[in-house]
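J.: One predicted model, sequence on top.
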Amino acid sequence: MATTDLKLEEAGALPRPGPIGRLVRLAFGLLCMWYVYELVQVFDALLDDNDHVRSVIWNGVLVGLFLVSYVINIGFSRSWGKWPALVSAAILAAIAAGGYLATGSIETGALARSIWVWELYVFSHLGLAFVTAGIIGTPGCEMRAFHDLYTRVTGHPTREHHCPIGPLGPIDRWESHRS
């Protein structure tokens, strides 16, 4: 089972992705950036004509809650387990509860803005990491792409992380055995 635990490997321990792994990373990155683009498009009207939070905002909540711990832990070299997801969910739930107490509905402008900002961060960070990993061929998890870029620019090695979820690990292993 996938874990959000931080398990860093020494630099050079993981194989660099081949062309298929890099294309998959680029595709995931472009998908995340497309979602960010869609979020930006609704910035001026986060609520629809019926005062409901727009569906494009709701669409990323569950995926974002699933991914935020990986984004924070692996991306920032932290070992906070599921806390980023739990804190995110608690803050959003508190805002929803406050909105309900104040207006009788959880679908308020405050909740819409909060989810929007949170998703904008999660999917921008993830999308840019995927695109960077695809372009430079970061080994292992895309959330280490900025660390890998730092290594390439400065020459100071940074540690690597296996992909904890998704198809990237199996694709990278398959490509490394193929060549």
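T.: Perfect, thanks for sending it. Residues are numbered from 1 along each chain as shown.
J.: could you point out the longest helix in this structure?
T.: Ranked by residue count, the top helix of the chain under DSSP state H comes out as helix 109-136.
J.: need the next SSE after that helix, C-terminal direction.
T.: In the C-terminal direction, the helix or strand that comes right after helix 109-136 (DSSP states H and E) is helix 145-154.
J.: follow-up on the earlier one: against which helices or strands is the longest helix of the chain packed?
T.: Using 3 or more CB pairs under 8 Å, 6 or more residues apart in numbering; DSSP states H and E as the contact criterion, the elements in contact with helix 109-136 are helix 19-41, helix 55-58, helix 61-75, helix 83-103, helix 145-154. Where C-beta positions appear, they are placed from N, C-alpha and C, glycine not excepted.
J.: Tell me which of those sits most buried.
T.: helix 61-75 (a mean of 20; mean count of other CB atoms under 10 Å).
J.: Return the angle between stretch directions for that helix and helix 109-136.
T.: 50 degrees (axes from the mean of the first three to the mean of the last three CA atoms, to 10 degrees).
J.: Show residues contacting helix 61-75.
T.: Residues outside helix 61-75 that contact it (CB atoms under 8 Å, 6 or more residues apart in numbering): 4-6, 78-85, 88-89, 92, 115, 118-119, 122-123, 125-126, 129, 141, 143-144, 146, 161, 164-165.
J.: Lovely, talk soon.
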